[in-house]
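Student: The following block contains a protein sequence and its predicted model.
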Amino acid sequence: MNDGGSGPLVIGGVGGSGTRVVAEMARRLGVWTGPDLNGSVDTLWATLLLRRPTWYAAQSASGGEGFATAFGILEDALNGRLVLTPGTRRFLELAGEEQVRDGRSPGWVADRLASLAGEGTAGTAPGRWGWKAPVSHVYLAPLHRHFGRRLRYVHVIRNGPDMAFSDNQWQVRTWGPLYGLDPDGPVTPATSLDFWIRANRRAVDYGATELGDAFLRLDFDALCADPAAGVARLVGFLGLEPSPGVLDELLALPRRPHSTGRGRRAGGGVFTTAQLAAVADLGFPVDR
């Protein structure tokens, strides 16, 4: 990873993949992900700017100038140098208005704007910086275009059949149309798995072909089964040598979720042969 705060470490993945644990690891390794976080360690400045499917679709269709503005705001704010010009203020206000239309409370938006106006302009220089926003996997290509070789991205992935039975289906409902899913159809375990397959395939393929060694795929199930190996991969990706005390903290973070194996426990007939083949192609064992 680049030194001197020159580029971001971005952590993303389909909702429920284990990004919280990986973000906490990054923070303990000295990566600054901002002061405005929720209980899942999401960088809420990134949530405000990026969790916007209508805006994403409009930007994708019009050349994506707004992507560069959003990423520039994040970079400046996370490095304490945000300048709230009239144009920047209006951009943030429009982001907040879309969040309210999508169900966020005006108070939530006001808190984000106040935080940006405070800590985002405070003049701090954290060095290593980045953000955790699960939906960042959707933005991989725009992120790469904007940051180029400065970008480092960690894609967290967890067993698809297990995730298909999760209560966390926000990404499926909101971003499903981007991946060819019916926006008016019900979210079932089968449609959830379709989203998992398509979203992870898109991210993994882009990482392999375009990002190379700036892309780390981190299997959350494998991380929980063998924390030492997973932590070593993350530390190596970041180019760090943590102290024994920090290393012990990292090794203690991954915990096998109680939901592990629920996809198999649900029994056969839920998923098609083609879906299970796609799961296997992404590196996860399946019962056929």
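Tutor: Perfect, I can see it now.
Student: Residue ranges in this protein under the pLDDT threshold?
Tutor: For the chain, the stretches flagged by pLDDT under 70 are 1-5, 267-268, 288.
Student: other SSEs contacting the longest helix along it?
Tutor: Residue-count comparison of every helix in the chain, with assignments taken from DSSP state H, identifies helix 189-206 as the longest. Counting by 3 or more CB pairs under 8 Å, 6 or more residues apart in numbering; DSSP states H and E, the packing neighbours recorded for helix 189-206 are helix 140-147, strand 152-157, helix 160-164, helix 170-175, helix 273-281. C-betas here are computed from N, CA, C, even on glycine.
Student: Same list, these, but as CSV with mean neighbour count and distance to residue 70 please.
Tutor: Formatted as CSV, the entries for the helices and strands packed on helix 189-206 read as follows, by neighbours: other CB atoms under 10 Å; distance: least, CB to CB, whole Å:
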stretch, mean neighbour count, distance to residue 70
helix 140-147, 19, 9
strand 152-157, 25, 16
helix 160-164, 26, 27
helix 170-175, 20, 16
helix 273-281, 15, 32
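Student: and of those, who's closest to residue 259?
Tutor: Proximity of the helices and strands packed on helix 189-206 to residue 259 was assessed by CB to CB; the nearest stretch is helix 160-164, lying at 5.9 Å.
Student: Outside of the closest one itself, list whatever touches it.
Tutor: Under the contact criterion CB atoms under 8 Å, 6 or more residues apart in numbering, helix 160-164 has outside partners 14, 16-17, 189-190, 192-193, 196-197, 200, 259-264, 266, 270-271, 279, 282, 284, 286.
Student: roughly how far is that helix from the heart of the chain?
Tutor: 17 Å (CA atoms, centre = their mean, to the nearest Å).
Student: go on, stretch 189-203?
Tutor: Its chain's C-alpha centre lies 15 Å from the corresponding centre of stretch 189-203 when counted by CA atoms, centre = their mean.
Student: Which residues outside it are in contact with it?
Tutor: Contact with stretch 189-203 is made by 12, 14, 137-138, 140, 155, 157, 160-161, 163-166, 169, 171-172, 175-176, 179-182, 185, 266, 270-272, 275, 278-279, 282, as judged by CB under 8 Å, 6+ apart.
Student: now swap in stretch 28-43 and tell me
Tutor: Applying CB under 8 Å, 6+ apart, the external contacts of stretch 28-43 come out as 9, 19-20, 23-24, 26-27, 44-47, 77-78, 111-112, 115-116, 119, 126-134, 234-235, 238, 240, 242, 246, 249-250.
Student: before we move on, what about stretch 217-231?
Tutor: Counting contacts by CB under 8 Å, 6+ apart, the residues outside stretch 217-231 that touch it are 17-18, 21-22, 25, 154-159, 204, 207, 233-234, 247, 250-251, 253-257, 260, 283-284.
Student: rewinding a little: what's the following helix or strand after the longest helix of the chain?
Tutor: Next along the chain after helix 189-206, taking DSSP states H and E as the criterion, comes strand 215-219.
Student: Return the distance of whichever helix or strand comes after that next one from the chain's centre.
Tutor: Tracing the chain past strand 215-219, the next element assigned as helix or strand by DSSP H and E is helix 220-225. When C-alpha coordinates are averaged (CA atoms, centre = their mean), helix 220-225 and its chain have centres 18 Å apart.
Student: for the helix or strand following helix 220-225, which positions count as buried?
Tutor: Scanning forward in sequence from helix 220-225, with DSSP H and E defining helices and strands, the next element found is helix 227-238. By neighbour count with 16 or more other CB atoms under 10 Å, helix 227-238 contains the buried residues 227, 230, 231, 233, 234, 235, 237, 238.
Student: Next one: the third one from residue 26, what distance?
Tutor: Think residue 231. If you measure residue 231 against residue 26 using CB to CB, to the nearest Å, the figure is 11 Å.
Student: before we move on, the earlier item: and the contacts of helix 160-164, which are buried?
Tutor: In the contacts of helix 160-164, burial by neighbour count holds for 14, 16-17, 189, 192-193, 196-197, 200, 259-260, 262-263, 270-271, 279, 282, 284, 286, counting by 16+ other CB under 10 Å.
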